[in-house]
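> Fold the following, please.
(2 chains)
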Amino acid sequence: MSWYEKLVPSTIRTDGANKKKGAVPEGLWTKCPNCSAILYNTELERNFSVCPKCEHHMRISARMRLELFLDAHDQEEIGQSIKPTDPLKFKDSKRYKDRIGLAQKQTKETDALVVIKGKLNNKDIVAAAFEFGFMGGSMGSVVGERFVRGINKSIEIGAPFIVFTASGGARMQESLFSLFQMTKTSAALTRLSEAGLPFISFMTDPTMGGVSASLAMLGDINMAEPNALIGFAGPRVIEQTVREKLPEGFQRSEFLQEHGAIDMIVDRRDIRAKISGILAMLMAGGFKAEAGTVTETVLEEQDEVPANLT
Amino acid sequence: MDLKFLDFEQPIAELEAKIKELRRVESDNDINISDALDQLEKKSESLTEAIFSELSDWQISQLSRHPGRPYTLDYIDLIFTEFYELHGDRAYADDPAIVCGLARLEGQPVMLIGHQKGRDTKEKIYRNFGMPRPEGYRKALRVMKMAERFGLPVICLIDTPGAYPGIGAEERGQSEAIARNLFEMTKLKTPIICTVIGEGGSGGALAIGVGDRLIMLEYSTYSVISPEGCASILWKSADKSQLAAEAMGITSDRVREQGFLDEVVREPLGAAHRNFQATAMNLREALLRHLEELKREPLTDLLEKRYQRIMGFGAFSEEPVK
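Prediction:
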């Protein structure tokens, strides 16, 4: 324990709690998990929980994420009424029910996805964020259903949809119910796509397994925060399988961009500006054919110049 | 001990070895012990029945990956009359862990896609133990799109421990390949029938597992993570695989109880590896029946039903917000 920590009363010592929950802790000081700099919380928050010394992007809660992203006004939460159940009466060393209860107490969320219809620079948008503190952001039935409702809301109001992922993958305690959320979320995205609305997938640390192998990789634009761990199989599993040392920076955002899996890496402090800039372009494509009528128009009006080209 | 038999199959294996031995004695020495043999065979049958009537979920999980179990190519031989294998994803490689091709099912041309495991060591390595890399899923998607274009129904046979966790697989976008298949299969404009014939291993299985029907062979399993994986994460010990198998409910009967299945195809006494032919005929009958049903559906209805079926996945409660 370093000298300053001894000075801080034990009730507000934040180091351990921060490591465990990965969220911004309560208290006065935070130690950067990357460069170990001691940071004053107020200053850190003002900097979007990015370490001012080393630019490390700390994990933040789903609420905080959406608070930083959306305009403060006109927010409406979607799918709050959907609550987890325990379809298999699952029990390992603990009951699934108890794990849910504990996670709810720790995070003040009812499950691992928060969806809010709101505004980004006064334009409608539906934004979803995974709560990593809730059982590792794992995707179970509630996450899947809220995600789908968010998309349905997007289609209903003709707004883009964005998700901030932070998840270890599928929620084992729901077994196939959880595996099939991969299908469900991906399927809903087909409807968003058919409605001609943009889907931005914003991957944060970490985005693994079933979440990575479904909704996260299906963005019209795939983005990631710097140095986020993103991949299908966990690094430990891969290491055990191939029995060789993994390359430096393996499965980090920069690695993914280099290998063509994501469009760009975005600093947390630039997210609002960049996304609203991109969405403004995607939503203003004047050459867009009405969904579903493309082929008919082409067949019937072969000789005519389309109106929007004149 | 015969390594081709699982531990709980050993009593059956011993009895059968004895029967075989006696048969040889009978034919060599020209003596008549057929009554005794008949009795022994009956005994073997009732012993098998007894053992198989109370299999644990963990034992079924072992059966689903039994080294003698029929694989995709065996079913292609036994069920389909013509087969032209199609190779490659047109971008990077051909993945032998997934077999694709045009086949005929009682005259009806279909697109067949299936995971393929290997029988001997050499083939196991060649097939990468049935664990596909991204190019395998992309090959599957390529032929599905072709099936859509030519109006061929798609039949998927699922049998994999999971998508391959390797460095190259990650570099080439394992996640994206799986995700893309889920997305495209949702809206593929042709009927899709998915059957788990052995191991339904998580996302690697699901990536060719979206469709209008989900069938499981009796002693196959379908799970979000292998019992070993689940045990080592949640129980911190791979020895607890039996408990994990039970807790996750991965057998065909348990999956049916959870409401995900259209049918469980029964296997002959002693499971599929004891009688390829009988298993294949049961599966063939089921495939034909479901295909016949799906043929009668107008395409728009078929796609809407598929979508609604997918949207129905999940178990949650809904109560008004306080």
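
> Below-threshold pLDDT in chain B: ranges please.
B:1-3, B:321-322 (pLDDT under 70).

> Strands along that one, start to end?
B:83-86, B:98-105, B:108-115, B:154-160, B:192-201, B:213-217, B:221-223, B:263-265, B:316-318 (DSSP state E).

> what are the pairing partners of the last one, and which direction each?
Looking at strand B:316-318 with DSSP bridges, its partner strands are strand A:82-84 (antiparallel).

> go on, the fourth one?
Partner strands for strand B:154-160, per DSSP bridges, with pairing direction: strand B:108-115 (parallel), strand B:192-201 (parallel).

> Can you add mean neighbour count and give those back as JSON lines?
(C-beta placed from N, C-alpha, C; glycine too.) Shown next, in JSON lines, are the strands paired with strand B:154-160 (neighbours: other CB atoms under 10 Å in any protein chain shown):
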{"stretch": "strand B:108-115", "mean neighbour count": "24"}
{"stretch": "strand B:192-201", "mean neighbour count": "27"}
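
> Quick one: the ones you listed as a markdown table, columns for distance to A:Ser36 too.
Listed next are the strands paired with strand B:154-160 as a markdown table, based on distance: least, CB to CB, whole Å:
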| stretch | distance to A:Ser36 |
| --- | --- |
| strand B:108-115 | 47 |
| strand B:192-201 | 41 |
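
> Quick one: closest of these to A:Gly169.
Comparing those by their distance to A:Gly169 (CB to CB), the top pick is strand B:192-201, with 13.9 Å.

> Give the full set of residues in contact with the residue nearest to the spatial centre of chain B.
The residue lying closest to the centre of chain B (CA atoms, centre = their mean) is B:Ile197, at 2.0 Å. With contacts defined as CB atoms under 8 Å, 6 or more residues apart in numbering or on different chains, B:Ile197 is in contact with B:69-72, B:75, B:114, B:157-159, B:217, B:220, B:272, B:283.

> Recalculate using a threshold of 6 Å.
Listed by CB atoms under 6 Å, 6 or more residues apart in numbering or on different chains, the contact partners of B:Ile197 are B:Leu157, B:Asp159, B:Leu217, B:Ser220.

> Number of residues surrounding the closest residue in space to A:Leu215 that isn't next to it in sequence?
Take A:Leu215 and drop its neighbours on the chain: the residue closest to it by CB to CB, 6 or more residues apart in numbering or on different chains is A:Thr185, 4.2 Å away. By the measure other CB atoms under 10 Å in any protein chain shown, the count of residues near A:Thr185 is 31.

> Was I right to think A:Thr185 contacts A:Ala216?
No: taking contacts as CB atoms under 6 Å, A:Thr185 lies outside contact range of A:Ala216: 9.3 Å.

> State the helix or strand in which the closest residue to chain B within the stretch 151-300 of chain A lies.
Relative to chain B, the nearest point of the stretch 151-300 of chain A is A:Ala233 (3.3 Å; CB to the nearest CB). Counting by DSSP states H and E, no helix or strand carries A:Ala233.

> Please apply the same query to the one 5 residues further on.
In this assignment (DSSP H and E), A:Ile238 forms part of helix A:235-242.

> Can you give me the buried ones in that helix?
Applying a neighbour-count criterion of 16 or more other CB atoms under 10 Å in any protein chain shown, one finds A:Pro235, A:Ile238, A:Glu239 buried in helix A:235-242.

> mind checking how far the first one is from A:Phe202?
The one in question is A:Pro235. 22 Å (CB to CB, to the nearest Å).

> Tell me the residues of chain B that contact chain A?
Contact residues, chain B versus chain A (CB under 6 Å from any CB of the partner chain): B:165-166, B:170-171, B:173-176, B:178-179, B:182-183, B:186-187, B:203, B:210, B:224-225, B:230, B:234-235, B:247-249, B:310, B:313-321.

> Quick check on the residues you listed: which are buried?
Members of the residues of chain B next to chain A classed as buried by 16+ other CB under 10 Å are B:165-166, B:170-171, B:173-176, B:178-179, B:182-183, B:186-187, B:203, B:210, B:224-225, B:230, B:234-235, B:247-249, B:310, B:313-316.

> contacting residues around B:Ala278?
B:Pro268.

> Bridged to B:Arg104, which residues?
B:Pro109.

> Do I have it right that it meets B:Phe83?
No: using CB under 6 Å, B:Arg104 is not in contact with B:Phe83; the gap is 7.9 Å.

> Identify whichever of the strands of chain B lies nearest to B:Glu293.
Using CB to CB, the nearest of those to B:Glu293 is strand B:213-217, at 8.3 Å.

> Count the residues that sit near B:Leu63.
Around B:Leu63 there are 27 other residues, counting by other CB under 10 Å.

> And for the residue nearest to it when sequence neighbours are not counted, the neighbour number?
Distances taken as CB to CB, 6+ apart place B:Tyr219 nearest to B:Leu63, at 4.2 Å, with adjacent residues excluded. Number of residues near B:Tyr219 (other CB under 10 Å) recorded here: 27.

> Spell out the secondary structure type for A:Glu248.
coil (DSSP: H, G, I helix; E, B strand; the rest coil).

> Could you see whether chain B lies near the top strand by length along chain A?
The residue-count maximum for a strand in chain A (DSSP E) belongs to strand A:199-208. No: if you take CB under 6 Å from any CB as the test, strand A:199-208 misses chain B, and the best it gets is 8.6 Å.

> what helices or strands is that strand leaning on?
strand A:161-167, strand A:221-224, strand A:230-231 (3 or more CB pairs under 6 Å, 6 or more residues apart in numbering or on different chains; DSSP states H and E).

> what's next to the second one, contact-wise?
The contact list for strand A:221-224 (CB under 6 Å, 6+ apart) reads A:Ile200, A:Ser201, A:Phe202, A:Met203, A:Ser253, A:Ile262, A:Asp263, A:Met264, A:Ile265, A:Val266.

> Restricted to helices, list the residues of chain B next to chain A.
B:170-171, B:174-176, B:178-179, B:182-183, B:186, B:203, B:230, B:247-248, B:310 (DSSP state H).

> Next up, the contacts around A:Gly249.
Taking CB under 6 Å, 6+ apart as the test, what A:Gly249 contacts is A:Phe255.

> Check B:Glu148 too.
B:Leu188, B:Lys189, B:Thr190.

> Check the gap between it and B:Thr190 for me.
Relative to B:Thr190, and taking CB to CB, B:Glu148 is found at 5 Å.

> go on, B:Val210?
B:Val210 is 13 Å from B:Thr190, by CB to CB.

> Likewise for B:Ile33?
For B:Ile33, the distance to B:Thr190 - CB to CB - is 57 Å.

> between those two, which one's more packed in?
A count of neighbours by other CB under 10 Å puts B:Thr190 above the other of B:Ile33 and B:Thr190, at 22 against 14.

> my guess is the more buried one meets B:Ala147, correct?
Yes: if you go by CB under 6 Å, B:Thr190 and B:Ala147 touch, sitting 5.5 Å apart.

> what's the neighbour count on the residue nearest to B:Ile19 when sequence neighbours are not counted?
Sequence neighbours aside, B:Leu40 is the residue nearest to B:Ile19 in space, at 5.2 Å (criterion: CB to CB, 6+ apart). Residues lying near B:Leu40 (other CB under 10 Å) number 17.
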